[in-house]
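Novice: below are the sequence and a predicted model; questions follow.
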Amino acid sequence: MDYSGYIALILQGALVTAKLTVMGCALALVMAFVAGLGRLSRFGAVRALATAYIEFFRGTSVFVQLFWAYFVLPLLGVELTPLQAGVLALGLNVGAYGAEVVRGAVQSIGREQREACVALNLTRFQAMRWVVLPQAIVPMLPTFGNNAIELLKATAIVSLISISDMTFQAQVMRAQTGSTLVPFATIMVIYFLFALAISGAIRALERRLTRGLDGVRA
Amino acid sequence: MLWDWSFAISIIPTLWEGVKITILATLLGSVVAAVVGLAIALLRRSRNPLVCKPVAFLAEFVRGTPLLVQLYVLFYVLPDIGITLSPLVAGVIGLGLHYGTYTAEVYRAGIDNVPRGQWEAAKAVNLTPSQTWTRIIMPQAVPPMIPALANYFIAMFKETPLLSAITILELMNQARSIANFNYRYIEPMTMVGVFFLVISLISVFGLRWLERRYGRVGS
């Protein structure tokens, strides 16, 4: 049997999966910093808001959030395309996990650094932007990489709200050809290659950001 | 007018049927994950490269691919080679294998955390390898792992809605069938979300208690 047409279909799906992953990660990154720094805010209301966001999105599963975004939001007057619902649910969910990473990394920066900032009369924004964050980014990277892989794997569920991602196309191929091993083995390998690409990229970024820092940090 | 309380209350018994399956799948999946994780962790310590390398790669592969696709493989591919599993069995194996690759890391960290001196002392008093493992290493390695393991079991609980994709009538699937039948999405979907949120918030306190009771790996 000739599978080449179906393999092309799966590759099209791979493109959709890659697009979802990239857009989801972009949203997750923004939310991680907004909510993570929000939890460290001076203002109680901001802290409470950030905590509520983090607990809510970590507490309910991404699957439920996706269905809620897709089926319930339209009833409340927010019409989303399946792709928008997918990016929204994935980004907000993984962003909540990332926020705890940001908070932990920022808090791990030594007291003396903050005191030095006060001594130099930096504003809070300057201290965060030029002193704390540049140091905090490096320890965040490995966990961000894992979060990105979690997001990649979570994209498979968007196939259930009829986005034609890789898993969806594999199901199409299964339904039309009756072959089960070829479609699922193919997409498994592609997902795994994507995951390897993400962890490779993170390692490269880590090397780039720690260049010249040998011996400076423990 | 959007939220209909009487409808919400009327669907509770149906949702409860789903909750039972969700909890059952989580418990069975946790047992499988605990066993599979231990097996992977021990096999990866093997000195035979023909054992530890393939196991390490397989674990890496399972961790890098989506649980949903693995469930499809168990549910659709295995029957083609003569292994037909009931949906629940396939689901439990899928959850257990997937999270087993995560718990393997917990076991690894826990075992590595036992000081070298303990191994050497066990050798010095002439204990056999099995005595060393069961009497010396495991009793010290396991308690600090408990909170981390529990954390993954909670994560697994939150992934159980995926089982609906292989026709298991757990909570999410019951909610979806109610929603499709009555064409009302807001109540069932929201109630499922609230259910998971409440259980998760409770489990946060449970985890803190476990951490106080048993300490944590690496601290």
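Specialist: Sure thing, it's come through.

Novice: name the element the residue nearest to B:R63 when sequence neighbours are not counted belongs to?
Specialist: Among residues not flanking B:R63 along the chain, B:T101 sits closest, at 4.5 Å (CB to CB, 6 or more residues apart in numbering or on different chains). From N, CA and C alone the C-beta is placed, and that goes for glycine too. Secondary structure assignment for B:T101, by DSSP states H and E: helix B:87-112.

Novice: helices and strands around that helix, which ones?
Specialist: Secondary-structure packing of helix B:87-112 (3 or more CB pairs under 8 Å, 6 or more residues apart in numbering or on different chains; DSSP states H and E): helix B:12-44, helix B:49-64, helix B:67-72, helix B:138-159.

Novice: low-confidence regions, the chain specifically.
Specialist: Just going to use chain A. For chain A, the stretches with pLDDT under 70 are A:1, A:213-218.

Novice: wait, chain B was what I had in mind.
Specialist: Within chain B, the stretches with pLDDT under 70 are B:1, B:216-219.

Novice: around chain A, pick out the residues from it.
Specialist: B:2, B:61, B:64-70, B:72-73, B:76-77, B:80, B:158-162, B:165, B:172, B:176, B:179, B:185-186, B:189-190, B:192-193, B:196-197, B:200-201, B:204 (CB under 8 Å from any CB of the partner chain).

Novice: still on that earlier bit, got the contact list for the helix or strand that the helix holding B:T101 is followed by?
Specialist: Note on helix B:87-112: by DSSP H and E, the next helix or strand toward the C-terminus is helix B:116-124. Here helix B:116-124 makes contact (CB atoms under 8 Å, 6 or more residues apart in numbering or on different chains) with B:Q131, B:T132, B:I136, B:I137, B:Q140.

Novice: rerun at 10 Å
Specialist: B:P115, B:L127, B:T128, B:P129, B:Q131, B:T132, B:W133, B:R135, B:I136, B:I137, B:Q140, B:A141 (CB atoms under 10 Å, 6 or more residues apart in numbering or on different chains).

Novice: how close does the second one get to chain A?
Specialist: Right, B:L127. 37 Å (CB to the nearest CB, to the nearest Å).

Novice: grab the most central residue of chain A for me.
Specialist: Nearest to the mean C-alpha position of chain A, counting by CA atoms, centre = their mean, stands A:C25 at 3.8 Å.

Novice: list the contacts for that one?
Specialist: Contact partners of A:C25, counting by CB under 10 Å, 6+ apart, are A:32, A:87, A:90-91, A:94-95, A:98, A:144, A:147-148, A:151-152, A:198.

Novice: if we go to 8 Å?
Specialist: Neighbour list for A:C25: A:G91, A:V94, A:A148, A:L151 [criterion: CB under 8 Å, 6+ apart].

Novice: count residues in the vicinity of the residue nearest to B:R63, would you?
Specialist: By other CB atoms under 10 Å in any protein chain shown, 19 other residues sit near B:T101.

Novice: next up, the contacts around it.
Specialist: B:V36, B:G37, B:I40, B:A59, B:E60, B:V62, B:R63.

Novice: distance of the second one from chain A?
Specialist: Distance from B:G37 to chain A, counting by CB to the nearest CB: 17 Å.

Novice: in contact with the residue lying closest to that residue once chain neighbours are set aside, which residues?
Specialist: Leaving aside its chain neighbours, B:G37 sits nearest to B:T103 (3.0 Å; criterion: CB to CB, 6+ apart). Shown in contact with B:T103 (CB under 8 Å, 6+ apart): B:A33, B:A34, B:V36, B:G37, B:L38, B:L149, B:Y152.

Novice: format those residues as JSON lines; extra columns: neighbour count.
Specialist: Converted to JSON lines, those look like this (neighbours: other CB atoms under 10 Å in any protein chain shown):
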{"residue": "B:A33", "neighbour count": "25"}
{"residue": "B:A34", "neighbour count": "20"}
{"residue": "B:V36", "neighbour count": "21"}
{"residue": "B:G37", "neighbour count": "26"}
{"residue": "B:L38", "neighbour count": "18"}
{"residue": "B:L149", "neighbour count": "22"}
{"residue": "B:Y152", "neighbour count": "19"}
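
Novice: for those residues, work out which two are farthest apart.
Specialist: Farthest pair in the contacts of B:T103 (CB to CB) is B:L38 and B:Y152. Separation: 13.1 Å.

Novice: from the contact counts, what lies against the helix or strand harbouring B:F195?
Specialist: In the assignment (DSSP H and E), B:F195 maps to helix B:186-214. When contacts are defined as 3+ CB pairs under 8 Å, 6+ apart, helix B:186-214 sits against helix A:44-59, helix A:62-67, helix B:5-10, helix B:12-44, helix B:138-159, helix B:171-182.

Novice: got a PyMOL select line for the buried ones in the contacts of B:T101?
Specialist: Buried members of the contacts of B:T101, identified by 16 or more other CB atoms under 10 Å in any protein chain shown, are gathered into one PyMOL selection as follows:
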select buried, chain B and resi 36+37+40+59+62+63
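
Novice: now the helix holding B:F195 and helix B:138-159, what's the angle there?
Specialist: Going by axes from the mean of the first three to the mean of the last three CA atoms, to 10 degrees, helix B:186-214 is angled at 170 degrees with respect to helix B:138-159.

Novice: follow-up on the earlier one: pull out the buried positions in the helix holding B:T101.
Specialist: B:87-88, B:90-111.

Novice: burial measure for A:R111, as a count.
Specialist: 7.

Novice: against A:D165, how distant is it?
Specialist: As judged by CB to CB, to the nearest Å, A:R111 and A:D165 stand 46 Å apart.

Novice: same thing with B:L197?
Specialist: Distance, B:L197 to A:D165, using CB to CB: 27 Å.

Novice: same question, B:W16
Specialist: Separation of B:W16 from A:D165 (CB to CB) stands at 33 Å.

Novice: neighbour count: those two, which is higher?
Specialist: Between B:W16 and A:D165, counted using other CB under 10 Å, the more crowded position is A:D165 (28 against 11).

Novice: from A:A156, how far off is that one?
Specialist: From A:D165 to A:A156 the distance is 7 Å (CB to CB).
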